[in-house]
Structure formats: structure tokens, C-alpha cells
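> coordinates for the following, if possible.
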Amino acid sequence: MNAIGVIEDAIKSRFNAAQAAGALGYHPDLRTYAGEFSADIGRAVQRWPTLLIVYAGASLTKEARATFAMRHSFGVICMARSLRNEEEGRRGDGAEPGSYQLIADTLALISGLVVSGEDGKPVCTPLIPRAVRPLLNDRPDAQLLSVYAVDFDTELGHQMLPSAGDLGNFDVLHANWDIPAFGNVSTDLPADDTADATNHIVINPAAPEAPPEEETENEND
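Residues are numbered from 1 along each chain as shown. Got it, this is the predicted structure:
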């Protein structure tokens, strides 16, 4: 999976783990952003409180010949409501948490989060909080919504694809073939010892260490 998706999933998992452990004291509707603000938000959001995870873009921080780094931004949109007044939407009413509580819990859970890949190594720098921003305080459908975004930054390293000038000369084509029934050929290449057939075509006769054979087949075929 792409690193951005891995980070997004890690943020979600952090909230899910806290909820499963009873650390939050409430059960938010937790999901990724799906254009709720471009629709009627009072109807697009059905459960309260709601936490929406959104990827907010990136900016270049370092650049080298073959690599570069970017600061990637992620947001957690904290959405609370009150059926009575503006203050309860922000502070909560005892039954539902307000947006202030959602902000505090988001900062506590996500700040410093280390995201690891399948190999157990970090895929990015720890997430650091950058800003808390008000997005909406309004009354759609007679319910007062209090919505804030909590922004986090992390840095990711990226590898540039080689340009045509970096590929070198195309001197030799060496191909290992897996002929039906499939599965007997090693997936580690070159696989000359297990291949059903092997092509070795010398395009540039001056290329070093070019074997004399142009095509070989296993004795078992």
C-alpha cells in the first residue's frame, strides 16, 4: 500500500484502539472524508460525534539528485453538535462530547504517532500537530454544529524514477520463462536453475561477461 494510505490507516487504528480500550468514553463515527462539506452537512453526517480523517496535501522540503522529501499534511475533522445552544456544541452537554473534547483527544492520541510499514520500519517521521482551525459553527436542520480541523504534519522520503539517461546501455536481454503448468520457477531472478526456458540475447557483442549461449532449456522439458 502507498505510504499515504498506510498513515491514514494508522490514524484510524489509533482511534479504534482507544475506543476499544474504553479510553474515550464515547463512540465516535470514525471514517475518512468523503466530501461531506460539499453536500448538506447536516444530512451527510448521521451519527455524532464524528471524526473525519483527511489527507490535506504536501510540500517539498528537500531535493537531491535521485531523492526528495515532502512534508505531508493530514487532518482530523472533529464534528460535534448540540440541539440547544452554541456553548454545549463546543463544551459538550454530559451526554455527548463537545468539539473541545474531540480536539483534546485527537491531539493526545495522534501527536507523536509513529507509523510503521509491513517490515516494522517507520514509513515517515512521527506526526506532529501543526494547527487547530475552526471550520463551521452553524445551525443546519435546527442543530448547532461545532466543527474544527486538527492538522498534523509528517515528512516522507521519496525515490525518483530514473530518467532515460540514467538507464545505461541495453547490451543483453536475459529472460527466464515459466511455461504452464505454472509455479515451478523461482521468483528470485535470475532463475536459470529452475526456469522452464531461458533466453540470453546479446545485443551488444562488446558487453562484458556475455555467455556464448543464446537459448537454453531445462533437461526436464
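
> hey, where'd the strands end up in this protein?
Using DSSP state E, the strands of the chain run over 29-32, 50-63, 67-82, 128-138, 144-159, 172-177, 197-202, 215-217.

> now these in TSV, with mean pLDDT?
Below are the strands of the chain laid out as TSV (pLDDT from 0 to 100):
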stretch	mean pLDDT
strand 29-32	91
strand 50-63	93
strand 67-82	91
strand 128-138	88
strand 144-159	91
strand 172-177	78
strand 197-202	82
strand 215-217	48
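
> helices and strands around the top helix by length along the chain, which ones?
Scanning the chain for the helix with the most residues, using DSSP state H, yields helix 3-20. Counting contacts by 3 or more CB pairs under 8 Å, 6 or more residues apart in numbering; DSSP states H and E, helix 3-20 packs against strand 29-32, strand 50-63, strand 67-82, helix 99-110, strand 144-159. To be clear about C-beta, it is placed using only N, CA and C from the backbone, and glycine gets the same treatment.

> could those be laid out in TSV, adding mean neighbour count?
TSV is the format used below for these (neighbours: other CB atoms under 10 Å):
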stretch	mean neighbour count
strand 29-32	14
strand 50-63	15
strand 67-82	21
helix 99-110	19
strand 144-159	19
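
> now the ones you listed as CSV including distance to Asn176?
Output for the helices and strands packed on helix 3-20, formatted as CSV (distance: least, CB to CB, whole Å):
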stretch, distance to Asn176
strand 29-32, 42
strand 50-63, 38
strand 67-82, 31
helix 99-110, 47
strand 144-159, 26
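
> can you say which of the ones you listed is nearest to Ala23?
When the helices and strands packed on helix 3-20 are compared by CB to CB, helix 99-110 sits nearest Ala23, at 8.4 Å.

> what's that closest one in contact with?
The contact list for helix 99-110 (CB atoms under 8 Å, 6 or more residues apart in numbering) reads 11, 14-15, 18, 24, 28, 49, 51, 76, 78-80, 89-92, 127, 129, 132, 146-148, 150, 152.

> output that helix as PDB, restricted to C-alpha atoms.
Extracted C-alpha coordinates of helix 99-110, given in PDB (Å, rounded to 0.1, in the frame of the first residue of the first chain):
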ATOM      1  CA  SER A  99     -15.700  19.700  19.900                       C
ATOM      2  CA  TYR A 100     -13.200  20.800  22.500                       C
ATOM      3  CA  GLN A 101     -13.100  17.300  23.900                       C
ATOM      4  CA  LEU A 102     -12.700  15.800  20.500                       C
ATOM      5  CA  ILE A 103      -9.800  18.200  19.800                       C
ATOM      6  CA  ALA A 104      -8.100  17.400  23.100                       C
ATOM      7  CA  ASP A 105      -8.400  13.600  22.500                       C
ATOM      8  CA  THR A 106      -7.200  13.900  18.900                       C
ATOM      9  CA  LEU A 107      -4.100  15.800  20.000                       C
ATOM     10  CA  ALA A 108      -3.300  13.300  22.700                       C
ATOM     11  CA  LEU A 109      -3.800  10.300  20.500                       C
ATOM     12  CA  ILE A 110      -2.200  11.400  17.200                       C
END
